[in-house]
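[1] Next come a sequence and a model predicted from it.
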Amino acid sequence: MLVILNGERTEIAAADLAGLLSEMDYEHTHVAIAVNFQVVPRVRWAQTALNSGDQIEIITPRQGG
Amino acid sequence: MADKIAFYGKEFASRLLVGTALYPSPAIMQQAIRGSGAQIVTVSLRRETSGGRIGNAFWDLIRELGVTVLPNTAGCRSVREAVTTAQLARELFGTSWIKLEVIGDDETLQPDPVGLVEAAGVLSKDGFEVFPYCTEDLTVALRLRDAGCTVIMPWAAPIGSARGIVNREALKLLRARLPDITLVVDAGLGAPSHAADALELGYDAVLLNTAIAKAGDPVAMANAFRLAVEAGRAAYEAGLMGPRDFASPSTPVVGTPFWHAVS
């Protein structure tokens, strides 16, 4: 299905967030995720189904001032 | 330093908060932060498409320092973006602290006061402890206090401008009107003397990044800022004399040789 992943239209095979992380090679990294502006806690990644058109943000720590 | 500073009930010895961006290398960033004596550092959160490895490496460096992290919402231009970014930061860093930035103008990076106050209210109700980055406007500061902020961070000058305190009278007014709020000068400081200036005005702390990271020798400059912050605070506690309009001799006049001598 087609989703918006970090601002880019992306075709994905995964049906849920945990699957998406595996598909995109994010496993075992320190990330936080929001789907359609709602933060999804780590404990709910496996149960969070994705839908076509979802806006997904996967973010990591970065330098800041 | 003897006296401690508290942010939302947590005590710290250092009154210098530093950013983690713009350093020549990760190793120099670590050395500079250690040299600054800072116990609180700001971090951000960004999209990453390369499997999260860059973020992981940075996060490992920060954890090695053993400091308290203050995540920011840098770059957010709406209340919705800022609130969601803060919630992501809470999830990512495991802290309810957030340096709240809602930018209203790309040219000056001036905060959007309307969005800032609204976002501060939303986040405070959601359990966040908000460190709002604002201008020196008194009314905005009062509204931020009313929204639940016990820390308020007015700028000295635009971010990265290195100009020092531009509107001294307004910052003095904020200090006078908000005696119970922890006030931090955030942004626009370029030299250690600027930091000392802020502490001498009675500000509780300063937050800076570029002035250290972009110095010729960031580690040496971090040390210079540490000393300046300590000096500024010590001077404030010692009680500075006020300015005078006219000269007043420091050497006693009475007994001056040849005083009133007949010529």
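    Yep, that arrived. Numbers count the residues shown, from 1 in each chain, chains lettered A, B, ... in the order given.
[2] most residues in a single strand of chain A, which one?
    strand A:55-63 (DSSP state E).
[3] for the closest residue to B:R80 other than its chain neighbours, what are its contacts?
    Distance criterion C-beta to C-beta, 6 or more residues apart in numbering or on different chains; nearest residue to B:R80, sequence neighbours excluded, is A:F37 at 6.3 Å. Where C-beta positions appear, they are placed from N, C-alpha and C, glycine not excepted. Residues in contact with A:F37 (C-beta atoms under 8 Å, 6 or more residues apart in numbering or on different chains) are A:55, B:80, B:84.
[4] picking that back up, kindly export the longest strand of chain A (C-alpha atoms) in CSV.
    C-alpha atoms of strand A:55-63 as CSV (Å, rounded to 0.1, in the frame of the first residue of the first chain):
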residue,chain,number,x,y,z
GLN,A,55,1.2,9.8,7.4
ILE,A,56,4.0,8.1,9.3
GLU,A,57,6.9,9.9,11.0
ILE,A,58,9.9,7.8,12.3
ILE,A,59,12.3,10.0,14.2
THR,A,60,15.6,9.5,16.0
PRO,A,61,17.8,11.6,18.3
ARG,A,62,19.8,14.4,16.7
GLN,A,63,22.1,17.3,17.6
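[5] helices and strands around that strand, which ones?
    strand A:2-5, helix A:17-23, strand A:32-35, strand B:40-47, helix B:53-65, helix B:79-93 (3 or more C-beta pairs under 8 Å, 6 or more residues apart in numbering or on different chains; DSSP states H and E).
[6] which residues pair with the residue in chain A that chain B sits nearest to across the strands?
    Taking C-beta to the nearest C-beta, chain B has its nearest neighbour within chain A at A:T60, 2.4 Å off. A:T60 has these beta-bridge partners by DSSP bridges: B:R46.
[7] That one contacts B:N56, correct?
    Yes: using C-beta atoms under 8 Å, A:T60 and B:N56 qualify as a contacting pair, with a distance of 7.0 Å.
[8] Can you give me the pLDDT of residue 38?
    Using chain A. Looking at A:Q38, its pLDDT is 95.
[9] Please refer instead to chain B.
    Looking at B:A38, the pLDDT reads 98.
[10] That one: neighbour count?
    When neighbours are defined as other C-beta atoms under 10 Å in any protein chain shown, B:A38 has 28 of them.
[11] who's in contact with it?
    B:14, B:16-18, B:67 are the contacts of B:A38 under C-beta under 8 Å, 6+ apart.
[12] Could you do B:T95 as well?
    With contacts defined as C-beta under 8 Å, 6+ apart, the neighbours of B:T95 are B:68-71, B:89.
[13] Just the mean pLDDT for stretch B:226-242, thanks.
    So the average pLDDT for stretch B:226-242 ends up being 97.
[14] how much distance is there from it to the middle of the chain?
    Between the centre of stretch B:226-242 and the centre of its host chain there is 16 Å, according to C-alpha atoms, centre = their mean, to the nearest Å.
[15] check the contacts of B:T95 against chain A, which are close?
    Counting by C-beta under 8 Å from any C-beta of the partner chain, B:71, B:89 from those sit close to chain A.
[16] Which of the contacts of B:T95 fall within strands?
    B:68-71.
[17] Residue of the stretch 151-263 of chain B nearest chain A, please.
    Taking C-beta to the nearest C-beta, the stretch 151-263 of chain B has B:N209 as its residue nearest chain A, at 3.5 Å.
[18] Got the confidence number for that residue?
    pLDDT, B:N209: 97.
[19] tell me the contacts of it?
    A:65, B:18-22, B:42.
[20] what's the nearest residue to residue 59 if we skip its chain neighbours?
    Because you didn't say which chain, this covers chain A. B:L45 (4.6 Å).
[21] think we crossed wires, I meant chain B
    According to C-beta to C-beta, 6+ apart, the nearest residue to B:W59 is A:P61 (4.2 Å).
[22] Then B:K99?
    For B:K99, the closest residue by C-beta to C-beta, 6+ apart turns out to be B:N72, at 4.0 Å.
[23] neighbours of that neighbour, just the number please.
    With other C-beta under 10 Å as criterion, B:N72 counts 25.
[24] Same check on A:D25?
    Neighbours around A:D25, by other C-beta under 10 Å: 13.
[25] quick one: the spatially closest residue to it that is not a sequence neighbour and A:R62, what's the gap?
    Excluding the flanking residues, the one nearest A:D25 by C-beta to C-beta, 6+ apart is B:G51, at 4.0 Å. If you measure B:G51 against A:R62 using C-beta to C-beta, to the nearest Å, the figure is 15 Å.
[26] still on that earlier bit, can you say which of the ones in strands among the contacts of B:T95 are buried?
    B:69-71 (16 or more other C-beta atoms under 10 Å in any protein chain shown).
[27] Provide the secondary structure category for B:K99.
    For B:K99, the assignment made with DSSP: H, G, I helix; E, B strand; the rest coil gives strand.
[28] partner residues bridging it?
    Residues in beta-bridge contact with B:K99 (DSSP bridges): B:N72, B:F131.
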